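**Q** no sequence for this one, just the structure:
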């Protein structure tokens, strides 16, 4: 699937979080998006724009340490009605 805009990006993030069924960090979500999807030539989202879309569809549920021993937030998919109210 090719990601052409914010709506496609949001749907792809939901799909990644549903498929993994675990708490993921932002870096893990970005890595999965890069492996599974292709971005269109005219749409190249920044890390910040991906973070914004992640926060719309997911909620921060905890913290874990990354490879550099820094604490990073882990995200889990929100309920359907919570996503629609955002």
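**A** That came through, no problem. Just so you know, these numbers come straight off a predicted model, no measurement behind them.

**Q** quick one: the strands in this structure, in order.
**A** Listed in chain order, the strands of the chain (DSSP state E) span 2-3, 24-25, 38-39, 58-65, 71-77.

**Q** what is the burial count for residue 53?
**A** Residue 53 has 19 neighbours, counted by other C-beta atoms under 10 Å. No exception for glycine: its C-beta is placed from N, CA and C like everyone else's.

**Q** that one contacts residue 12, correct?
**A** No - the pair residue 53 / residue 12 is not scored as a contact, 9.0 Å apart, by C-beta atoms under 8 Å.

**Q** give me the low-pLDDT residue ranges for the chain?
**A** Residue ranges of the chain with pLDDT under 70: 81, 86.

**Q** got a list of contacts for the lengthiest helix in the chain?
**A** The residue-count maximum for a helix in the chain (DSSP state H) belongs to helix 6-20. With C-beta atoms under 8 Å, 6 or more residues apart in numbering as the contact definition, helix 6-20 has outside contacts at 1-3, 24, 28-29, 32-33, 36-37, 45, 49-50, 53-54, 56-58, 75-77, 83.

**Q** try it again at 10 Å.
**A** The set of residues external to helix 6-20 that reach it, using C-beta atoms under 10 Å, 6 or more residues apart in numbering, is 1-3, 23-24, 28-33, 35-37, 39-40, 43, 45, 49-50, 52-54, 56-58, 75-78, 80, 83.

**Q** flag every buried residue along it.
**A** Within helix 6-20, the residues scored as buried using 16 or more other C-beta atoms under 10 Å are 8, 9, 10, 12, 13, 14, 15, 16, 17.

**Q** contacting residues for the residue lying farthest from the centre of the chain?
**A** Within the chain, the residue lying farthest from the chain centre (C-alpha atoms, centre = their mean) is residue 69, at 21.5 Å. Applying C-beta under 10 Å, 6+ apart, we find residue 69 in contact with no residue.
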